[in-house]
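Q: Give me the fold of what follows.
(one chain, ligands or ions: 1)
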Amino acid sequence: IAVMTHQVSSPFLKPFFLKTPISPLRQRRHTLPASEFRNLTPQDAISVFEIEREAFVSVSGECPLTLDEVLNFLGMCPELSLGWFEEGQLVAFIIGSGWDKERLSQEAMTQHVPDTPTVHIHVLSVHRHCRQQGKGSILLWRYLQYLRCMPGLRRALLICEDFLVPFYRKAGFKERGPSAVSISNMHFQEMEHMLCGQAYARRNSGC
Ligand SMILES: CC(C)(COP(=O)(O)OP(=O)(O)OC[C@H]1O[C@@H](n2cnc3c(N)ncnc32)[C@H](O)[C@@H]1OP(=O)(O)O)[C@@H](O)C(=O)NCCC(=O)NCCS
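A: Next comes the predicted model:
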C-alpha cells in the first residue's frame, strides 16, 4: 500500500490542502513520520488546545482562542493553519484566518473573512518541552514561506505582548504601534509581515 501521508522534506513548503482523511485502520499500518508539517484539522483541536492552555492559562489566565474558536477556525480555514508533528504528536502550531481591514480590531479575534489579502495570525505556540530549540522560529518561517505561495495573499498581521516584539522582529515583522485590541486589560503591539516583493525567496521556494 502506498504511503498516504506526505512528509515534506524540503525546508520550503509547496501549497498543500487537506487530504482525504485516512481511516485509523489504514493509518496504523504505517510508521509515524519523525517530523511532519501539515495543515491542522478539527481532529487536532484537542491537542492544540492542550498546548495553548498550558502556554497561556498559567501565564495570563486567557487563551488567545477558546476550544470552540479553535474548532471554528480549523473548520473554516484549515489552509491557514500549520502544525509540526513529531512521531504523530503535535509539538507546535500556528492558526490564522482571513481579515479585510488595514489594522486588527476586536472583531478580528473571532472572525474569518475569506478571500482577502491579509492573514491574521491568532496564535503561535510551542509545546513547553520543545521551547527554546528554535522550533517557534522555524515553524513561523515555514508558515510565511507557505503563505507566500498562496495566490492573493499580501501580508500577515498579529498582535503580541511587548516581550515578544524582538522575537517577531527577528522573523521579519515590523511594528505598527499599539493595537486597538485588548483582552482582559492586556495590551498588545500590532506587527506586520509583507509577503510579496521577495522575488529571491519565491524563486528558490519551489512554488
Ligand atoms: C513564544 C514561543 C512561540 C517561541 O517559540 P520557541 O520555539 O520557544 O522560540 P525559539 O526557540 O524559536 O526562539 C527563542 C526566542 O523566542 C523569544 N522568546 C521566547 N519566549 C520568550 C519569553 N517568555 N520572553 C521573551 N522572549 C521570549 C526570545 O527572543 C528567544 O530568543 P533568546 O533565547 O535568544 O532570547 C514559545 O515560547 C511559546 O509557545 N510560548 C508560549 C506561548 C506564546 O507566548 N505564544 C506567542 C503569542 S501567540
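Q: For this protein, give the helix that spans the most residues.
A: helix 45-60 (DSSP state H).
Q: What mean pLDDT does the next helix or strand after that helix get?
A: Following helix 45-60 in sequence order, the next helix or strand is helix 67-76 (DSSP states H and E). On average, the pLDDT along helix 67-76 is 98.
Q: quick one on the thing from earlier: between helix 67-76 and the longest helix of the chain, find me the angle.
A: Computed by axes from the mean of the first three to the mean of the last three Cα atoms, to 10 degrees, the angle separating helix 45-60 from helix 67-76 equals 140 degrees.
Q: where along the protein do the helices fall?
A: Counting by DSSP H, the helices of the chain are 24-28, 45-60, 67-76, 135-148, 165-170, 199-203.
Q: what does the protein have sitting close to the ligand?
A: Counting by Cβ under 6 Å from any ligand atom, the residues of the chain close to the ligand are 55, 64, 123-126, 131-137, 160, 163-164, 166-167. Glycine gets a C-beta too; all of them are placed from N, C-alpha and C.
Q: Just the buried residues of the residues you listed.
A: 55, 64, 123-126, 135-136, 160, 164 (16 or more other Cβ atoms under 10 Å).
Q: and the two most separated of these?
A: Spatial extent of these (Cβ to Cβ) is set by the pair P64 and K135 at 18.2 Å.
Q: Low-confidence bits of this protein, can you list those?
A: Applying pLDDT under 70 to the chain flags residues 1-30, 58, 197-207.
Q: from it, which residue is nearest to the ligand?
A: Nearest residue of the chain to the ligand: G136, at 2.2 Å (Cβ to the nearest ligand atom).
Q: if we can go back for a sec, I'd like to know which of the helices of the chain lies nearest to S97.
A: helix 67-76 (5.4 Å).
Q: Okay, buried residues for the closest one please.
A: Quick answer for helix 67-76 (16+ other Cβ under 10 Å): 69-74.
Q: Could you find which two of those are furthest from each other?
A: E69 and L74 (9.5 Å).
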